[in-house]
Each structure stands twice: as C-alpha cells, then as structure tokens.
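S.K.: curious how this folds, go ahead:
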Amino acid sequence: MLVVAMHVTADPPQPEAEQGSILASTIINSTSEEWSAVFATTGHAYAAPRTIYLQPPRHHPARGFSYLRGIGVAIDLGELTDIERFLGRDADAVIALIIAHEVAHHVQYLNEKRRGIAQPLGSDREQQADCAAGWWLGRANARRIAGGGGPLFTVPDIDRQLPRVLQALDTLKTGHLANDEAQYSTGHGLSAARTVAMRRGLASADVSVCGASVTPLGN
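M.R.: Residues are numbered from 1 along each chain as shown. From the prediction side, this is the model:
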C-alpha cells in the first residue's frame, strides 16, 4: 500500500511491540541483503528505505503497514502483534511477506527515479510487489539453508491464510466485518491473484519474473 501520511502515537511501545520491532528489523535487514545483491549485478548500489515504527489504535483509518513514498517503510506494530495472535506459527512468514511487499514498493520508487517516469498505480503494480515479496522469501530461505545466515521462514499455506488475515485486519481497522473481499482489496486485487503472484516469486531465483517495476535497471 502506498500512502503519503500516517498517524503516530506518542505512547511508549509495549513488550509485544518491542518484540515485533525486532522481527521487523530482521526482515528489513534481510530484504536489504537480497536487494543489494540484485542491484550490484546492475552496477548500482541499493539505497535501503528508512524503517518507521508506528502504532495507530485499532479502528484508525491510518492503521496498517505501508510504504511512505520516498521516505520509508512504515511498520504498524499494533497490526504486527494482531497478526501474531491470529496466525500463531504462520505469523512470522505472513508478516515477512507483508513487509517485503512494502519494500518492493521502495524498489519500484527507485526504478521510477532512474527512469524519470512514474509508474501507474493499480493491481498490476501491487501484484508485482507481491511477486517480489515471494521472491525475497525464497532467496532469504535459500541463503540460510546454504549457510549464509539470516532468517529462515516456514512457508505457510498462503492460499488459506492470506485472505483470512486480510479480512481480520480490515475488520480491526474499520470496525466492520466485510464479507465481500472486494470491499477491502481495492487497488491490490483479490487474494487469489495475490497468492499466485507470491508463489511465482517463490518459485524463481530471478526477480525479473515479477515484472519490470521491480527489476533493477542496469547501466
């Protein structure tokens, strides 16, 4: 999700939120490692996004993970905690995919700066970011299995878990239960298309399969 502003609470972080910030930091560091390796093949350095930790209250319109265009990745610690409570052992991987999706928006922004042309918003752009998130998760796991360190995630049943968690998060944001997925998937596409994109990325070692918007430009 792309936004231009976000509400920040002044309350001190709770212990669960502090643990969440450690998980988020681990994920962000891993995305930076994988994207840096890809950018290096083009002769360019990867400029990692800032990480901004926020905690809007439930039912606040600004609740949710997002990419603040040209600024950084916003981590909603309250939403992160809710995902952990809702999904249990599958939570870390789903949180990782959500954060990696926002990091992919940063890559899209970097590409736009180099091209000098803003890419249109819409479900194609979002699903390329979903694909890139899946690509990163696969590369992070491959790096860990090969002894390179970093996190290791058990890939969840995203076809089942993604729609469940998206509906739950929308309910906690709006205070209303939406039975029609189209009501809370505006701009991103339906979860079935999103999971197809994530799995396409997971299956490939080459991020270019995800589309031009997330493929770093060479010289």
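S.K.: what bits of the chain have low per-residue confidence?
M.R.: Across the chain, the ranges flagged by pLDDT under 70 are 1-17, 186, 219.
S.K.: cutoff 90 now
M.R.: Counting by pLDDT under 90, the chain contains low-confidence residues at 1-21, 56-63, 70, 88-90, 114-123, 147-151, 154-192, 217-219.
S.K.: so which residues of it form strands?
M.R.: Using DSSP state E, the strands assigned to the chain run over residues 2-3, 50-54, 66-68, 72-76.
S.K.: packing partners of the last one?
M.R.: Just to be clear, that refers to strand 72-76. In terms of contacts (3 or more C-beta pairs under 8 Å, 6 or more residues apart in numbering; DSSP states H and E), strand 72-76 is packed against helix 15-40, strand 50-54, strand 66-68, helix 91-115. Backbone N, C-alpha and C define where each C-beta goes, glycine included.
S.K.: tabulate these (a markdown table), appending mean neighbour count and distance to residue 60.
M.R.: Compiled in a markdown table, the helices and strands packed on strand 72-76 are given as follows (neighbours: other C-beta atoms under 10 Å; distance: least, C-beta to C-beta, whole Å):
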| stretch | mean neighbour count | distance to residue 60 |
| --- | --- | --- |
| helix 15-40 | 18 | 15 |
| strand 50-54 | 17 | 10 |
| strand 66-68 | 22 | 13 |
| helix 91-115 | 22 | 18 |
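S.K.: now the strands of the chain in a markdown table, with distance to residue 148?
M.R.: What follows is the strands of the chain, written out as a markdown table (distance: least, C-beta to C-beta, whole Å):
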| stretch | distance to residue 148 |
| --- | --- |
| strand 2-3 | 32 |
| strand 50-54 | 22 |
| strand 66-68 | 27 |
| strand 72-76 | 23 |
